[in-house]
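Colleague: here is the input, now give the coordinates:
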Amino acid sequence: MENTLVRLKTEKKAREDRVGQWFTDVLGTSLKATGKNIVNLEIGCGHGHWLTSFATKEFNQNFVGIDLITKRIEKAVAKAEKRNLKNLCFCKADAQEFLELCHFKIANTYIMYPDPWPKLRHHKRRLIQPAFLDLLASKTIVGGRLFFMTDHLSYYEWSVSNISKSVMWVLSKDDWPHEASSYFQNILPKNQILSALRI
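Modeller: Sure, this is the predicted structure:
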């Protein structure tokens with residue numbers, strides 16, 4: 001048991017060091033390109049289709065995409081490099097750890113089709129939880145927004161409920177900020193969309 005705890009701590013420290021170095025080497029360069037210290041964050045960016053399209057249209061804003069799968073991040077990085085987008089970068093990272101480590105402010109956060117963890121016993125694994133909303137709010141500018149899209153009605157209702165109970169977010173009626181095709185949008189039949197305002 002003790003060896004397992006030591007290993008987990010070592011692995012966590014290694015991830016933190018890697019993400020911290022990414023903040024300096026990659027994000028620092030991107031922020032200098034626009035002269036702004038505020039980013040738009042996509043959590044679960046996949047291969048980066050949607051965020052790359054968005055960053056191409058809004059070249060004066062900074063965009064960051066994170067995902068846990070190495071190959072997805074590699075493909076996303078290749079898209080940004082191919083288009084020479086200095087305002088867009090991608091990082092392999094867990095959302096919770098990334099937010100805990102980040103030292104910049106977030107304007108808007110986009111979450112598209114996160115794992116709904118449909119079984120009741122797995123609901124604790126869902127991303128939209130009170131603690132996560134508090135952490136995200138602490139990194140988000142007042143007036144910033146959270147945009148959430150899912151094809152899973154139960155998860156949508158869960159998210160609406162959690163945001164409604166938050167003292168740092170209020171549900172809003174903002175339109176989805178950028179229309180562009182993504183892998184999941186192309187294969188899923190119906191979307192539930194919500195937005196929330198950081199107060």
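
Colleague: mind pulling up the pLDDT for the residue nearest the centre of the chain?
Modeller: The chain has residue 43 as the residue nearest its centroid, 2.0 Å off, counting by C-alpha atoms, centre = their mean. Per-residue pLDDT puts residue 43 at 98.

Colleague: can you check residue 183 too?
Modeller: 59.

Colleague: same check on residue 187?
Modeller: 55.

Colleague: tell me the buried residues in the longest helix along the chain?
Modeller: In the chain, taking DSSP state H as the definition, the longest helix is helix 2-22. By neighbour count with 16 or more other C-beta atoms under 10 Å, helix 2-22 contains the buried residues 15, 19, 22. All C-beta spots, glycine's among them, are computed from the backbone N, C-alpha and C.

Colleague: for the last one, give its distance to residue 161.
Modeller: Remark: distance between residue 22 and residue 161 (C-beta to C-beta, to the nearest Å) = 34 Å.

Colleague: before we move on, what about residue 69?
Modeller: Relative to residue 161, and taking C-beta to C-beta, residue 69 is found at 29 Å.

Colleague: before we move on, what about residue 95?
Modeller: From residue 95 to residue 161 the distance is 20 Å (C-beta to C-beta).

Colleague: what do you get for residue 15?
Modeller: Taken as C-beta to C-beta, the span from residue 15 to residue 161 is 31 Å.

Colleague: please apply the same query to residue 121.
Modeller: 18 Å.

Colleague: now swap in residue 107 and tell me
Modeller: 25 Å.

Colleague: neighbour count winner among the two?
Modeller: residue 107 (18 against 10; other C-beta atoms under 10 Å).

Colleague: is that one within a helix or a strand, and which one?
Modeller: Residue 107 belongs to strand 105-112 when elements are defined using DSSP states H and E.

Colleague: that strand packs against which elements?
Modeller: strand 38-43, helix 49-57, helix 130-139, strand 140-150 (3 or more C-beta pairs under 8 Å, 6 or more residues apart in numbering; DSSP states H and E).

Colleague: rerun at 7 Å
Modeller: strand 38-43, helix 130-139, strand 140-150 (3 or more C-beta pairs under 7 Å, 6 or more residues apart in numbering; DSSP states H and E).
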